[in-house]
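Enquirer: Below are the sequence and a predicted model; questions follow.
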Amino acid sequence: MTSFKDRLAADGPALLGLWQALANNYTADICARAGYDWLLFDGEHSPNTAQTLLGQLQAVAPFDAEPIARVPSGDPVLIKQYLDIGFTTLLVPMVDTAEQAAAIVSASRYPPHGIRGVASATARATGFGTDGAYLKEAAERITLIVQIESRAALENIDAIAATPGVDALFIGPADLSASLGHLGNPTHPEVQQAISHAKARIDAAGKPAGIFALSPDDAKHRMVDQFRFISIGTDIGLLLKGAQGLIASVKN
Ligand SMILES: O=C(O)C(=O)C[C@H](O)[C@@H](O)CO
């Protein structure tokens with residue numbers, strides 16, 4: 001199985017993703033059939049637990065979209081849990097320093113290279129012990145993506161991007177705008193300039209850059225900007241807009 005970091009490293013069009021915020025196996029199953037390259041299962045801002053994420057992970061397992069889990073924080077306990085249930089790509093929010101990034105890498109690695117606890121016989125990640133190669137191949141299979149979404153992260157972006165084991169960096173416009181003093185206004189010129197700067201520094205580090213696009217048009221602009229992976233929408237947004245559009249179309 002090709003790791004997500006290997007897919008990111010390959011040439012080709014941007015990898016397009018859909019944010020899964022409904023915390024629901026059924027809708028994840030539907031979205032996994034829609035042709036996206038990846039699906040983001042949000043443990044930070046959605047009512048998800050390891051248990052609910054497991055159900056969504058199992059629902060999308062038959063399909064090609066890469067399941068990416070966003071942990072609520074860089075907590076090593078949660079990183080361990082999310083990896084043990086079988087996610088091989090994690091997105092970690094609010095990473096402001098290289099020290100934080102290094103700790104996240106360590107939490108994802110088994111000793112001697114890290115602190116991840118070993119549960120080879122009972123973890124879904126190892127096929128409940130049937131995948132004898134997992135322990136030694138885990139570091140190769142796992143992709144770690146850190147979020148750049150604060151003034152501090154911008155100031156430290158070169159050191160964060162250079163951190164060994166950080167495979168990609170993902171820009172969060174909502175939190176970045178808040179951190180820059182433009183809460184709720186990610187299209188503010190200062191925020192857009194910061195995004196451009198962050199992208200340039202990520203490129204300079206030779207790491208793949210991702211971003212949460214604000215609209216389909218913004219997604220197209222980010223493709224032109226050569227972001228390597230782009231979240232182009234959310235399940236909640238699709239449901240709400242579809243529901244609103246339908247009743248408006250029937251009433252009018
Ligand atoms: O800061 C951001 O932007 C993100 O990290 C994406 C948001 O958290 C996502 O939930 C959409 O609001």
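Expert: Perfect, I can see it now.

Enquirer: Identify the residue of this structure closest to the ligand, quick one.
Expert: Using Cβ to the nearest ligand atom, G172 is the residue of the chain that sits closest to the ligand, at 2.6 Å. Every residue, glycine included, has its C-beta placed from N, CA and C.

Enquirer: Excluding covalently adjacent residues, which one is nearest to that residue?
Expert: Computed as Cβ to Cβ, 6 or more residues apart in numbering, the closest residue to G172 that is not its neighbour in sequence is E149, at 3.5 Å.

Enquirer: so how many other residues sit close to that neighbour?
Expert: 24 (other Cβ atoms under 10 Å).

Enquirer: The residue most central in space within the chain in helix, strand or coil?
Expert: With distances taken as Cα atoms, centre = their mean, the residue of the chain nearest its centroid is L91 (3.7 Å). State at L91, reduced to three classes by DSSP: H, G, I helix; E, B strand; the rest coil: strand.

Enquirer: Run through the bridge partners of the nearest residue to it once chain neighbours are set aside.
Expert: Nearest residue to L91 in three dimensions, chain neighbours excluded: R70, at 4.2 Å (Cβ to Cβ, 6+ apart). Beta-bridge pairing for R70 (DSSP bridges): D42, L91.

Enquirer: Pull up the residues of the stretch 101-250 of the chain that are close to the ligand.
Expert: 147, 149, 172-175, 212 (Cβ under 6 Å from any ligand atom).

Enquirer: now those in JSON lines, with distance to S120 and pLDDT?
Expert: JSON lines is the format used below for these (distance: Cβ to Cβ, whole Å; pLDDT from 0 to 100):
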{"residue": "Q147", "distance to S120": "30", "pLDDT": "98"}
{"residue": "E149", "distance to S120": "35", "pLDDT": "98"}
{"residue": "G172", "distance to S120": "34", "pLDDT": "98"}
{"residue": "P173", "distance to S120": "40", "pLDDT": "98"}
{"residue": "A174", "distance to S120": "38", "pLDDT": "98"}
{"residue": "D175", "distance to S120": "36", "pLDDT": "98"}
{"residue": "F212", "distance to S120": "35", "pLDDT": "98"}
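
Enquirer: Can you tell me which of the residues you listed end up in strands?
Expert: 147, 212 (DSSP state E).

Enquirer: R124: neighbouring residues, count only.
Expert: Neighbours of R124 (other Cβ under 10 Å): 16.

Enquirer: returning to what we had before: please name the residues that touch the residue nearest to the centre of the chain.
Expert: For L91, the contacting residues are 40, 68-71, 145-147, 170, by Cβ atoms under 8 Å, 6 or more residues apart in numbering.

Enquirer: Show me which of those residues is closest to G86.
Expert: Taking Cβ to Cβ as the measure, G86 lies nearest A69 of those, at 9.5 Å.

Enquirer: which stretches of the stretch 151-252 of the chain have low pLDDT?
Expert: Applying pLDDT under 70 to the stretch 151-252 of the chain picks out no residues at all.

Enquirer: Local confidence estimate at the closest residue to H113 other than its chain neighbours?
Expert: Spatial nearest neighbour of H113, chain neighbours left out: A139 (6.9 Å); criterion: Cβ to Cβ, 6+ apart. If you check A139, the pLDDT there is 98.

Enquirer: distance of A139 from P67?
Expert: Per Cβ to Cβ, to the nearest Å, A139 is found 19 Å from P67.

Enquirer: More neighbours: the two, which one.
Expert: More crowded of A139 and P67, by other Cβ under 10 Å: P67, with 24 against 17.

Enquirer: doesn't that one fall inside a strand?
Expert: Yes: using three-state DSSP, the assignment for P67 is a strand.

Enquirer: Hmm, D37 and it touching each other?
Expert: No: with contact defined as Cβ atoms under 8 Å, P67 does not count as touching D37 (11.3 Å).

Enquirer: Dump the helix or strand containing S106 to PDB, restricted to CA.
Expert: Assigning secondary structure by DSSP states H and E places S106 in helix 98-108. Provided in PDB are the C-alpha atoms of helix 98-108 (Å, rounded to 0.1, in the frame of the first residue of the first chain):
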ATOM      1  CA  ALA A  98       9.900  22.800  16.100                       C
ATOM      2  CA  GLU A  99      10.000  21.400  19.600                       C
ATOM      3  CA  GLN A 100       6.200  20.600  19.400                       C
ATOM      4  CA  ALA A 101       6.700  19.100  16.000                       C
ATOM      5  CA  ALA A 102       9.600  16.800  17.200                       C
ATOM      6  CA  ALA A 103       7.400  15.700  20.100                       C
ATOM      7  CA  ILE A 104       4.600  14.800  17.700                       C
ATOM      8  CA  VAL A 105       7.100  12.700  15.600                       C
ATOM      9  CA  SER A 106       8.300  11.000  18.700                       C
ATOM     10  CA  ALA A 107       4.800  10.100  19.800                       C
ATOM     11  CA  SER A 108       4.200   8.500  16.400                       C
END
